[in-house]
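In: here you go, sequence then predicted model.
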Amino acid sequence: MEVINTNPNFKRLRRSMMFLNAQKPSLVKDPYVYKPDSIMLDLEDAVAENQKDAARYSLFHALKEIDYHGCERVVRINGLETPHWKEDIRVSVAGGCDAIRLAKTESGKDIKIVEEHILAAEKEFHRPIGSTLIMAAIESTKGMLNLYDICTSSDRLFGIALSGGDYTRDLQTSISKSGVELMGARQQMVITARATGRMCFDTVYTDLDDMEGFRKDVEMIKQMGFDGKSIINPRQIPVCHDVFTPTEKQIRWAEAVVREIDTKKAMGIGVFQLNGKMLDIAFYDGAKRTIAMAKAAGVYKGDL
């Protein structure tokens with residue numbers, strides 16, 4: 001059986017991840033027209049308890065029959081405390097989803113359990129071994145305390161995502177416009193993700209009428225180091241992509257940094273000035289990443 005390399009350090013562009021109720025054909029039939037990087041086909045909160053079987057049926061046929069034109073297809077399954085998650089995994093893998101997002105992840109053990117069932121489903125339905133990746137949704141204070149354990153639990157795990165509503169309920173507070181109640185969690189998630197080579201995604205912004213506030217929120221989490229944001233409406237996609245895609249000015253600077261460091265390194269020079277700014281090798285990886293992101297977004301026209 002074919003085996004896929006599941007190294008999470010392979011990071012495709014995931015600036016936007018749009019939630020869709022997996023049960024509703026009108027939502028899942030053509031979301032690719034809005035060009036999100038990923039779609040989140042939801043079997044959890046969006047689906048009523050007595051409609052889980054119907055949602056799985058809809059999900060399977062959507063995955064098998066709809067061409068999503070390269071858009072990543074992630075399925076949010078129900079948590080391990082429910083009776084639904086095992087069948088959620090079987091149907092998702094049978095349909096050929098790209099990744100599974102586990103709701104309410106609280107430990108590395110949770111991810112290992114999901115991984116075991118994904119592997120069994122890949123074998124059962126003759127899917128390439130390792131082709132189904134995993135996301136972990138962090139929704140509790142316990143999950144936040146176990147971030148390192150979660151992030152190092154599986155090679156299939158490509159990223160972690162904050163679920164702000166559930167997390168703030170666990171904190172016994174609520175989400176505010178300032179987002180101050182989420183700052184500690186956000187920064188800890190980014191730190192742990194970077195330390196373990198995973199990606200990190202921010203929670204949804206629910207006020208669809210406040211696009212100015214949404215842009216400020218996206219700009220803030222981009223500055224904090226996040227890779228992308230969960231969203232709930234197509235209107236939010238252009239803002240996410242605009243903020244997370246390098247500008248022409250940033251690309252030109254990154255090219256200059258890479259070329260200058262390569263030149264100076266060959267000359268045995270470690271520290272130097274470029275356009276009045278002091279640079280050394282520490283700037284190299286960031287510049288290369290900017291160019292890689294520009295290439296992935298289809299906006300790079302250079303030759304590096």
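Out: Yep, it's here. These numbers come from a predicted model, not from an experiment.
In: tell me which element the closest residue to residue 31 other than its chain neighbours falls in.
Out: The shortest distance from residue 31 to any non-neighbouring residue, by CB to CB, 6 or more residues apart in numbering, is to residue 39 (5.2 Å). For the C-beta atoms, the positions are set from N, CA and C on the backbone; glycine is no exception. Element membership for residue 39, per DSSP states H and E: strand 38-42.
In: buried stuff in that strand?
Out: Residues of strand 38-42 classed as buried: 38-42 (neighbour count, 16 or more other CB atoms under 10 Å).
In: and if you look at stretch 265-277?
Out: Buried, per 16+ other CB under 10 Å, within stretch 265-277: nothing.
In: swap in stretch 254-264?
Out: 254-255, 257-258, 260-261, 264.
In: tell me where the protein has helices.
Out: With DSSP state H as the criterion, the chain has helices at 25-28, 52-65, 85-95, 108-124, 141-145, 147-151, 164-171, 183-196, 211-224, 237-244, 248-266, 284-296.
In: for the fifth one, buried residues please.
Out: The neighbour-count check on helix 141-145 (16+ other CB under 10 Å) flags 143-144 as buried.
In: same check on the last one?
Out: Neighbour-count burial for helix 284-296, with 16+ other CB under 10 Å as criterion, is recorded at 284, 287, 290-296.
In: dump stretch 35-54 to CSV, restricted to CA.
Out: Backbone C-alpha positions of stretch 35-54 (Å, rounded to 0.1, in the frame of the first residue of the first chain) are rendered in CSV as follows:
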residue,chain,number,x,y,z
LYS,A,35,-11.1,30.7,-3.1
PRO,A,36,-10.4,30.0,0.6
ASP,A,37,-7.2,28.1,1.2
SER,A,38,-9.0,25.5,3.2
ILE,A,39,-12.6,24.6,4.0
MET,A,40,-13.7,23.2,7.3
LEU,A,41,-16.6,20.7,6.8
ASP,A,42,-18.2,20.7,10.3
LEU,A,43,-19.8,17.6,11.8
GLU,A,44,-19.6,19.0,15.4
ASP,A,45,-21.3,22.2,16.6
ALA,A,46,-23.1,23.1,13.4
VAL,A,47,-25.0,19.8,13.3
ALA,A,48,-27.8,19.0,15.7
GLU,A,49,-27.5,15.8,17.8
ASN,A,50,-30.3,14.0,16.0
GLN,A,51,-28.8,14.9,12.6
LYS,A,52,-25.3,13.5,12.9
ASP,A,53,-26.0,10.5,10.6
ALA,A,54,-27.5,12.7,7.9
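In: next one: it to chain centre, how far?
Out: 17 Å (CA atoms, centre = their mean, to the nearest Å).
In: could I get the buried residue list for that stretch?
Out: Taking 16+ other CB under 10 Å as the criterion, stretch 35-54 shows 36-44, 46-47, 52 as buried.
In: kindly report the same for stretch 65-84.
Out: For stretch 65-84, by 16+ other CB under 10 Å, it's 66, 68, 71-80, 84.
In: and of the residues you listed, the nearest to residue 152?
Out: residue 80 (18.8 Å; CB to CB).
In: if I look at that closest one, how far off is residue 272?
Out: Relative to residue 272, residue 80 is positioned 53 Å away (criterion: CB to CB, to the nearest Å).
In: circling back to that earlier point, pipe the buried residues of stretch 65-84 into a markdown table and attach pLDDT per row.
Out: Below are those laid out as a markdown table (pLDDT from 0 to 100):
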| residue | pLDDT |
| --- | --- |
| 66 | 94 |
| 68 | 94 |
| 71 | 94 |
| 72 | 96 |
| 73 | 97 |
| 74 | 97 |
| 75 | 98 |
| 76 | 97 |
| 77 | 97 |
| 78 | 97 |
| 79 | 96 |
| 80 | 97 |
| 84 | 97 |
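In: what's the closest of those residues to residue 119?
Out: Comparing the buried residues of stretch 65-84 against residue 119 with CB to CB places residue 77 closest, at 15.2 Å.
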